[in-house]
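Visitor: Sharing a sequence plus its predicted fold:
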Amino acid sequence: MQNGYQSFTPKEVFLSLGLKLGKCLLPKIPTPQSSVGLWLLQHRQYGLAIIRASEQRLPVSVRTAGLKYALSMIFGKVAHQGALDFLCGKRLSIEVPDLQMHYDLGLDAQRQFWLAAAGSSAQLCTGEVLFRANSTELLLLLSQQVDPDTLFFQRRLTIIGDTELGLQLKNFLDTVEPELLLPPQLICWMIEITSTTPA
């Protein structure tokens, strides 16, 4: 502490602001049935375009910090409880082709997520297993509207590499309760988006 002020790293400031912003905005999320919600649903393709542009233009440090924060918010509790221990010391590559996203992630010894940008092509995969699905399929999995086996056999979900690690991840997604991961407002939006998206 210098001159009565506590020093903060940019990462701490970013996480603190993100947490406060999330708590402030979450109760104000409109329902999909509201006039604002209906407008957002009709123009959701712009959301995908914004994410793709962010992947291409934002610095890697900003993108990875934001995604790591999201991972911690969604999966942090179950990770701390040990449900994701199969990721400790492992490197999982996740590719979302329609968003042009490709990241490697895992858990450290303290069950904290680490994340690294891995480029935009599966050829750059450095993990033990590659998990590839478009954004709609990921929303379906997270909201448990469809099981991973169905998407896998429909070739809408690809798992390549370490078979045991891939099965552990698939089983986790098949058994975790969405209500334990996400606020009800977000689950409602995920169900609405996937039900109005062409297959």
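Guide: Structure received. Numbering: from 1, shown residues only.

Visitor: would you list every one of the strands in the protein?
Guide: 92-96, 101-107, 113-117, 129-133, 157-161 (DSSP state E).

Visitor: what's the third one packed up against?
Guide: In this case it means strand 113-117. helix 60-80, strand 101-107 (3 or more CB pairs under 8 Å, 6 or more residues apart in numbering; DSSP states H and E). From N, CA and C alone the C-beta is placed, and that goes for glycine too.

Visitor: buried ones in it?
Guide: Of the residues in strand 113-117, those buried under the neighbour-count criterion (16 or more other CB atoms under 10 Å) are 113, 115, 117.

Visitor: one step back: return the member of the helices and strands packed on strand 113-117 having the minimum mean pLDDT.
Guide: If you rank those by mean pLDDT, helix 60-80 sits at the bottom with a mean of 87.

Visitor: Mind giving me the packing neighbours of that helix?
Guide: Taking 3+ CB pairs under 8 Å, 6+ apart as the contact definition, the neighbouring helices and strands of helix 60-80 are helix 10-25, strand 101-107, strand 113-117, helix 178-181.

Visitor: Just give me the lowest mean pLDDT stretch among those.
Guide: Looking across those, the weakest by mean pLDDT turns out to be helix 10-25, at a mean of 54.

Visitor: The nearest residue to Ala117 once chain neighbours are set aside and Asp162, how far apart?
Guide: Ranked by CB to CB, 6 or more residues apart in numbering and with sequence neighbours excluded, the top spatial neighbour of Ala117 is Val60, at 4.8 Å. Applying CB to CB, to the nearest Å, the value for Val60 to Asp162 is 26 Å.

Visitor: Compare these two and say which one has the larger neighbour count.
Guide: Set side by side, Val60 and Asp162 give different neighbour counts by other CB atoms under 10 Å, the larger being at Asp162 (17 against 10).
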